[in-house]
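1. Predicted model and sequence follow; I will ask about them next.
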Amino acid sequence: MSQKISENLNPQQQKAVTSINGPLLVLAGAGAGKTKTIAERIRHLVQTGVNPQAILAITFTNKAAREMSERIEHGLRSDLPTYRDLGSYEKPFVSTFHSLGVYILREQSEKAGIKRHFTIFDRDDSKKAVKETLLDLNLDPKLHDPSRIMGIISKEKGGGHSAEDYIRSNKHGYFPNVVKQVWPKYEKILVRDSALDFDDLLLKTMTLLNNNREVREFYQKTWEYVHIDEYQDTNRVQYEISKMLVGEKRNICVVGDVDQNIYSWRGADIKNILDFEKDYPNAEIITLEENYRSTKTILEAANAVIEKNKIRLKKNLFTSNTSGEKISWFKGFDEISEAEFIALKTEALIKSHVPPEEIAVLYRANFQSRVLEEAFMNHGLPYQLLGTRFFERKEVKDIISYLRSALNPESLSDFKRIINTPIRGIGKTTVQKIFSGEENSLPQAMKMKLENFRTLLTQIALVSKENKPSETISFIIKESGLEQEWKESGEDGGARLENAYELANFASRYDKEGPEEGILNFLADAALQSDQDEMRDGEKAVRLMTVHASKGLEFDVVFIAGLEDGLFPHQRVSDDNATQEKVEEERRLFYVALTRARKKVFLSYAETRTVFGRRQVSMPSEFIFDIPETLLLAEEIEESLPYRRPLLEIDF
């Protein structure tokens, strides 16, 4: 096969594509074309004779994995006319870390000491299990936030620690002592249900690779070339998995940007990328600094902001794009006037033919979304709020619980959820007797109801083994009785039924994979959905989301709201005890927000804001003053409502 490097690559990108032997660190700035570079590198590997099956590429979201797969497939299709017809196991393995963990643990389930059909607890499942544990301990979940407890457990697992490690640790005080009581019981619920939570998917994979040399060497030989995207966001467990997958040839390529490390709160360790040369002394380092996304103005502002950080590998983004519009900033009296300003500007942009889906409103904290939503609704503007997840809706979780319970009868949490959904006349007392082993004491009529229910689960299991995933979901919707209940429940039931049908539509993505493999992959992806996966392609709506959720996305126009001291940067870095790492991470977060924009940025803040019921007077964020004044343009709107003066028009 003739080797052909894409002519659309700049010299540094070409160098990254052709440097295929040994360890490689690619420092890729925002908008520098890293996904294209990785895809072309994999294409080049195949052109040089590497078997596609010997290539592994890992990234952090399902959306990013899909985009990378599509780019790779598009490139290889022109080189290999038969590539489209190859099976999934004959192509490069592109996935997230968590999906990789699911794959390895299912394939090596016996050696890992778990069931092949293990249930994956999503965050909601885990919080419910923690709440169950708190109640067993006679602790009030309202006083002991299950989310906070789960957050501690998650971060500890991401650091490679077990419940036993935490109990033996020197962490003391009231709340750590509560965690020490809850965590072991939480693990017992996971074992009871033959379930793994998000963090187990990685922790147990790391443990398996570390303890089983045969398994470790098998995957090292399977994947001779390893690619890790967003390497700056890896935690300790992901870092260890990456190292153990690399064989003797040490063909690992990691791509990342220190300036976009924004996840330390969930365990991401910036040292993993800073110390790459220590782990791989002969590593080649290539820096991608040419930005293809943003205007010169936006990049100049971003560079001015981030250069104040000390913990970084120095680079300076540049672009051949136009200078573009200045960065607008607006001072509102309160959060209502700020939201009104954003809504009016958005309305003007849409009228000037900017597609709604090319506009994003970013904010530091979720509570900011309420007043923004209200302003958008008042103006009749189309919007999508990321963070309200499709897979967390009751009707969707009910259907998935039917499937999980059918495939994994040990999943008592799923069994309990659906046994009386829809209503079958099986009450809490009956459920308690079933769980306590007193089922034989139940009346004959109740035993018959239970037998009919279990027969339904058996039928679902059989259907899932012989039919396409979408057909299995449709079978559950109809045969469970849920469809009939929703049809008889008015407008609310109609909305639930629409979501159920949408779930069947989602499942159709897996119809080509075969019944068993397709249904397992469907369940895994449903459990591992992120905020970005909720973005529906083709939906013409403005996106409202946190800055964290926007990582990896790009838009023509970006609003960054709530730029106030104590909000952005967050109050946790405002006190004298804040570490340099925390202070710099907030600045990196603002840098990420700026670099989501292609053509125009609006900054805004409120002089007063109600936070958790208290009206506070605010000072503007220091980040606004980090931007050179020559790049800024002050915006105003009339003091009286409604605000209806001519707005800035942008030439797109």
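-> That came in fine, so what should we check first?

2. all helices for the stretch 301-450 of the chain, in order.
-> 335-351, 369-378, 394-407, 412-418, 428-435, 444-466 (DSSP state H, counting those that start in this stretch).

3. right, so of those helices, which gets closest to Val258?
-> Proximity to Val258 (Cβ to Cβ) singles out helix 369-378 among these, at 29.4 Å. Using the backbone N, CA and C atoms, a C-beta is placed for each residue, glycine as well.

4. So which bits of the closest one are buried?
-> Ser369, Val371, Leu372, Glu373, Ala375, Phe376 (16 or more other Cβ atoms under 10 Å).

5. Would you map the helices across the stretch 551-652 of the chain?
-> Shown for the stretch 551-652 of the chain, the helices assigned by DSSP H, counting those that start in this stretch span residues 580-594, 622-626.

6. Now do the buried residues in the longest one.
-> Within helix 580-594, the residues that qualify as buried by neighbour count (16+ other Cβ under 10 Å) are Val583, Glu584, Glu585, Glu586, Arg587, Arg588, Leu589, Phe590, Tyr591, Val592, Ala593, Leu594.

7. With the shortest one instead?
-> By neighbour count, with 16+ other Cβ under 10 Å as the criterion, the buried positions of helix 622-626 are Glu622, Phe623, Ile624, Asp626.

8. Keeping just the C-alphas, turn stretch 42-50 into CSV.
-> Taking Å, rounded to 0.1, in the frame of the first residue of the first chain, the C-alpha atoms of stretch 42-50 are listed here in CSV:
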residue,chain,number,x,y,z
ILE,A,42,-3.5,5.8,12.8
ARG,A,43,-4.2,5.9,9.0
HIS,A,44,-0.4,6.2,8.4
LEU,A,45,0.3,3.2,10.7
VAL,A,46,-2.1,1.1,8.6
GLN,A,47,-0.4,2.4,5.4
THR,A,48,3.0,1.2,6.7
GLY,A,49,1.6,-2.3,7.1
VAL,A,50,0.4,-2.3,10.8
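
9. can you offset everything so residue one is 452?
-> Fine by me, first position is 452 from now on; the one you just mentioned is stretch 493-501.

10. Flag every buried residue along that stretch.
-> Ile493, Arg494, His495, Leu496, Val497, Gln498, Val501.

11. And for stretch 498-514?
-> 498, 501, 503-514.

12. who wins for proximity to Val633 among the helices of the stretch 1002-1103 of the chain?
-> Val633 lies closest to helix 1031-1045 among the helices of the stretch 1002-1103 of the chain, at 26.8 Å (Cβ to Cβ).

13. for that closest one, packing partners?
-> With contacts taken as 3 or more Cβ pairs under 8 Å, 6 or more residues apart in numbering; DSSP states H and E, helix 1031-1045 sits against helix 747-757, helix 998-1001, strand 1006-1011, helix 1073-1077.

14. Centre of the chain to the second one, how far?
-> Translated: helix 998-1001. Distance of helix 998-1001 from its chain centroid, counting by Cα atoms, centre = their mean, to the nearest Å, is 10 Å.

15. got any ranges where the chain has weak pLDDT?
-> 452-458, 532-540, 839-840, 982-989, 1024-1029, 1063, 1088-1103 (pLDDT under 70).

16. Can you pull the domain assignment for it?
-> As assigned by the TED database, the chain contains the domains 462-557+654-741, 572-644, 748-839+988-1085, 843-981.

17. can you put the ones you listed in JSON lines and add distance to Ala563?
-> Converted to JSON lines, those look like this (distance: least, Cβ to Cβ, whole Å):
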{"stretch": "domain 462-557+654-741", "distance to Ala563": "5"}
{"stretch": "domain 572-644", "distance to Ala563": "13"}
{"stretch": "domain 748-839+988-1085", "distance to Ala563": "31"}
{"stretch": "domain 843-981", "distance to Ala563": "15"}
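
18. For Ile565, which of the ones you listed is the nearest?
-> domain 462-557+654-741 (6.4 Å).

19. Any idea how far apart the tips of that closest one sit?
-> Start and end residues of domain 462-557+654-741 are separated by 10 Å (Cα to Cα, to the nearest Å).

20. any chance you could map the strands in the stretch 602-751 of the chain?
-> 646-648, 676-679, 703-707, 735-739 (DSSP state E, counting those that start in this stretch).

21. Between those, which one is closest to Thr656.
-> strand 646-648 (9.9 Å).

22. Tell me the strands beside that closest one, with direction?
-> Strand pairing for strand 646-648, using DSSP bridges, gives strand 570-572 (parallel).

23. distance between the strand it pairs with and the chain's centre?
-> 17 Å.

24. contacting residues around the residue nearest to Leu823 when sequence neighbours are not counted?
-> Sequence neighbours aside, Ala790 is the residue nearest to Leu823 in space, at 5.0 Å (criterion: Cβ to Cβ, 6 or more residues apart in numbering). Ala790 makes contact with Val822, Leu823, Glu825, Ala826, Ala1012 under the criterion Cβ atoms under 8 Å, 6 or more residues apart in numbering.

25. doesn't Asp648 make contact with Leu641?
-> Yes: counting by Cβ atoms under 8 Å, Leu641 does reach Asp648; the two are 6.5 Å apart.

26. Quick check: neighbours shared by these two?
-> Contacts common to Leu641 and Asp648, judged by Cβ under 8 Å, 6+ apart, are Phe572.

27. Of the two, which one has the most company?
-> Taking other Cβ atoms under 10 Å, Leu641 and Asp648 do not tie; Asp648 has more neighbours (24 against 19).
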